[in-house]
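**Q** Can you look at this prediction? I've put the sequence above it.
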Amino acid sequence: MTDLSNSLAAADIAHSLHPYTNARAHEDQGPMIISRGEGIYVWDSNGKQYIEGMAGLWSVAVGFSEPRLKAAALAQMDELPYYHTFTSKAHAPQIRLAEKLVEMSPEALTKVFFTNSGSEANDTVIKMVWYLNNALGRPQKKKFLARNKAYHGVTVASASLTGLPGNHTDFDLPAIPVTHLTTPHYWRFGAQGESEAQFTARLLKEIEDTILAEGPETIAAFIGEPVMGAGGVILPPEGYWEGVAALCKKYDILLVADEVINGFGRLGTTFGCESFGFVPDIMVLSKQISSSYMPLAAILVSDAVYNAIADNSAKIGTFGHGYTGSGHPVACAVGLENLKIIEERDLVGNAARVGAVMQAELARLADHPLVGEVRGTGLIAAVEMVADKAARTPFDAKLKLGAKAAEFCNEQGLIVRAIGDALALCPPLIVTEDEVREIVARMERALDATQAWLAAEGVI
Ligand code: PMP
């Protein structure tokens, strides 16, 4: 991969422990050093150009090196590079961004709390929900419902909500009361002969049975990504979210939409909850909020949630929570400009239009001998490889086929994310029709290369 004589690579190996990385393999292989980005492209330190098919970490909506975001950051650095928002302090970028988010979001969401990351935001949600239920005199109502394969972050509490084994194993997690329910993925978890409607009904029954078994008076909130991202780009079956929302209402359970990936146009609608016809009590936003040029996340809450917290803060004397960087002025200024660009260039509409082309192009890959399922909506998708198409049997996990196929994508000049044996795509929202055709063409060549490799290894 990288030439290890390269001094940057050697320095990286010498000094860095990377997130989500096999550290020993990294010592052998070295880093892939990305040195510049422009639009949908990035370049590595050898000068090779890639289409960033994942928009970084599902996040660079407006593309790399957008001059308006740089200008917004510089102007804010000149004016007021830092101030906090504790003890009633405020500043224009935080005020204006909160106002903008409330204007864009479902009407029921009226107040905003800022954090630096999606993990901190979900951690904050847990604390808000606990604080609120204590304030309302129901201290036993503390448990969360989440789903297997959910991704809600990596802090002690948010990683507890995450439903991926890699985030729990040897971290002594989960550490908060949470029950993980069946992943709403019909193709993978639908039973033999079960219709999609029956699958939805089974999952909703599982949720209701869990609520009744645990006692509704103990269940505080249900959290979910409208479309699951890091767990494998999983679209819920028809009627799932309407059913979840109805159960939350029936049992007085707060519904939390984690829109960290879905938010700001990814599905071709401004927010994922719009796509599935529900309105959450709490919505969590990050990533595309600032195109990740600056670390920023926001929690939007309903009047009812706000009022319970506000009343209790008056009683105790404060809402004792917040970060040095909550509502950081440079991050908020960049976020505000980023949201203006998303609106002015109609990037949500672009995600719907170009997304439809991407999905149609990808649908062709369903005929590829390695492909079991092509799934997606708007500008997010995954192509999952299986050993047996009809039986949907996965390849032996020891082959690490997804990672291998992602390497072949790299060779083709396309960065994707391997999630097990699924290849995820989530390009910047500025991507064009021609570019998505090119993305799919490169992925198809990588799948052919993967098939040839499997044949050479004697696996197929
Ligand atoms: N929620 C979702 C849905 C996410 O995809 C992520 C990050 N991939 C997070 C929360 C956590 O965000 P962060 O990495 O900024 O802590």
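**A** Thanks, I have it.
**Q** CA atoms only: put the longest helix along the chain into CSV for me.
**A** Ordering each helix of the chain by length in residues (DSSP state H) puts helix 433-456 first. Extracted C-alpha coordinates of helix 433-456, given in CSV (Å, rounded to 0.1, in the frame of the first residue of the first chain):
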residue,chain,number,x,y,z
GLU,A,433,-25.3,11.5,-12.8
ASP,A,434,-22.1,10.9,-14.9
GLU,A,435,-20.1,10.5,-11.7
VAL,A,436,-22.5,7.9,-10.1
ARG,A,437,-22.4,6.0,-13.4
GLU,A,438,-18.6,6.0,-13.0
ILE,A,439,-18.8,4.9,-9.4
VAL,A,440,-20.9,1.9,-10.3
ALA,A,441,-18.7,1.0,-13.2
ARG,A,442,-15.6,1.0,-10.9
MET,A,443,-17.5,-1.1,-8.4
GLU,A,444,-18.5,-3.6,-11.1
ARG,A,445,-14.8,-4.0,-12.2
ALA,A,446,-13.8,-4.5,-8.5
LEU,A,447,-16.5,-7.2,-8.1
ASP,A,448,-15.1,-8.9,-11.3
ALA,A,449,-11.6,-8.7,-9.7
THR,A,450,-13.0,-10.2,-6.5
GLN,A,451,-14.6,-13.0,-8.4
ALA,A,452,-11.3,-13.7,-10.2
TRP,A,453,-9.5,-13.7,-6.9
LEU,A,454,-11.9,-16.2,-5.4
ALA,A,455,-11.5,-18.4,-8.4
ALA,A,456,-7.7,-18.2,-8.1
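**Q** same question for that helix, mean pLDDT?
**A** The average of the pLDDT scores along helix 433-456 is 98.
**Q** Which elements pack onto it?
**A** strand 49-52, helix 347-363, strand 380-385, helix 401-411, strand 414-415, strand 422-425 (3 or more CB pairs under 8 Å, 6 or more residues apart in numbering; DSSP states H and E). Using the backbone N, CA and C atoms, a C-beta is placed for each residue, glycine as well.
**Q** try it again with 6 Å
**A** The contact analysis (3 or more CB pairs under 6 Å, 6 or more residues apart in numbering; DSSP states H and E) places helix 433-456 against helix 347-363, helix 401-411.
**Q** need the helices for the stretch 51-200 of the chain, in chain order.
**A** For the stretch 51-200 of the chain, applying DSSP state H, counting those that start in this stretch gives helices covering 55-58, 67-79, 92-104, 118-135, 156-161, 186-189, 196-214.
**Q** CA atoms only: put the very next helix or strand once past the last one into PDB for me.
**A** Scanning forward in sequence from helix 196-214, with DSSP states H and E defining helices and strands, the next element found is strand 219-224. Coordinates of each C-alpha in strand 219-224 appear next as PDB, following Å, rounded to 0.1, in the frame of the first residue of the first chain:
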ATOM      1  CA  ILE A 219     -38.800   1.800  29.300                       C
ATOM      2  CA  ALA A 220     -37.700   5.400  28.700                       C
ATOM      3  CA  ALA A 221     -36.900   5.600  25.000                       C
ATOM      4  CA  PHE A 222     -36.600   3.800  21.700                       C
ATOM      5  CA  ILE A 223     -33.600   5.000  19.600                       C
ATOM      6  CA  GLY A 224     -33.000   4.200  15.900                       C
END
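**Q** Residue numbers of this protein in contact with the ligand?
**A** Contacts of the chain with the ligand, taken as CB under 6 Å from any ligand atom, map to 57, 117-119, 122, 151-153, 225, 229-230, 258, 260-261, 286.
**Q** Pull out the buried residues from those residues.
**A** Buried members of the residues of the chain next to the ligand, counted by 16 or more other CB atoms under 10 Å: 57, 117-119, 122, 151-153, 225, 229-230, 258, 260-261, 286.
**Q** Looking at those residues, which is nearest the ligand?
**A** Gly118 (2.3 Å; CB to the nearest ligand atom).
**Q** Which residue is the nearest non-sequential neighbour of Gly327?
**A** The shortest distance from Gly327 to any residue other than its chain neighbours is 3.5 Å, reached at Gln94 (CB to CB, 6 or more residues apart in numbering).
**Q** So for that neighbour, what's the pLDDT?
**A** In this model, Gln94 carries a pLDDT of 98.
**Q** Next one: it from Lys400, what distance?
**A** With distances taken as CB to CB, to the nearest Å, Gln94 is found 44 Å from Lys400.
**Q** more neighbours, the two?
**A** Counting neighbours by other CB atoms under 10 Å for Gln94 and for Lys400 shows that Gln94 has the greater number, 24 against 15.
**Q** Please name the residues that touch the more buried one.
**A** Gln94 sits next to 85, 327, 332 when contact means CB atoms under 6 Å, 6 or more residues apart in numbering.
**Q** Break the protein down into its structural domains.
**A** 32-62+346-456, 68-344 (automatic domain parsing).
**Q** in the stretch 301-450 of the chain, which segments are predicted with low confidence?
**A** Within the stretch 301-450 of the chain, no stretch has pLDDT under 70.
**Q** for the residue nearest to Met358 when sequence neighbours are not counted, what are its contacts?
**A** Leaving aside its chain neighbours, Met358 sits nearest to Val436 (4.0 Å; criterion: CB to CB, 6+ apart). Val436 makes contacts with 354, 357-358, as judged by CB under 6 Å, 6+ apart.
**Q** swap the cut-off to 10 Å and go again
**A** Shown in contact with Val436 (CB atoms under 10 Å, 6 or more residues apart in numbering): 40, 51, 53, 354-362, 379, 381, 425, 427.
**Q** How about Asn350?
**A** Asn350 touches 265, 268, 342, 378-379, 428-433, counting by CB under 10 Å, 6+ apart.
**Q** Now for the residues you listed: which two are most distant?
**A** Ile342 and Glu433 (18.8 Å; CB to CB).
**Q** And these two? Which one has more around it.
**A** Ile342 (24 against 14).
**Q** From the ligand, how far off is the more buried one?
**A** 18 Å (CB to the nearest ligand atom, to the nearest Å).
**Q** got the buried residues for the one helix or strand that residue maps to?
**A** Using DSSP H and E, the element containing Ile342 is helix 329-344. Buried residues in helix 329-344, defined by neighbour count with 16+ other CB under 10 Å: 329-339, 341-342.
**Q** For the residue nearest to Phe171 when sequence neighbours are not counted, give its distance to Glu66.
**A** Using CB to CB, 6+ apart and skipping residues adjacent in sequence, the residue nearest Phe171 is Ala159, 6.7 Å away. Plainly put, Ala159 is 32 Å away from Glu66 if you go by CB to CB.
**Q** still on that earlier bit, dump the domains of the chain to TSV, plus distance to Ser7.
**A** As requested, those are exported to TSV (distance: least, CB to CB, whole Å):
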stretch	distance to Ser7
domain 32-62+346-456	11
domain 68-344	28
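**Q** which SS class is the most centrally placed residue in the chain?
**A** Centroid-nearest residue in the chain, with CA atoms, centre = their mean: Ile261, separated by 3.3 Å. Three-state assignment for Ile261 (DSSP: H, G, I helix; E, B strand; the rest coil): coil.
**Q** List the contacts of the nearest residue to it once chain neighbours are set aside.
**A** Nearest in space to Ile261, with sequence neighbours left out and distances taken as CB to CB, 6+ apart, is Gly229 at 3.8 Å. Applying CB under 10 Å, 6+ apart, we find Gly229 in contact with 57-58, 149-151, 258, 260-262, 266, 272, 287, 380, 382, 417, 419, 424, 426.
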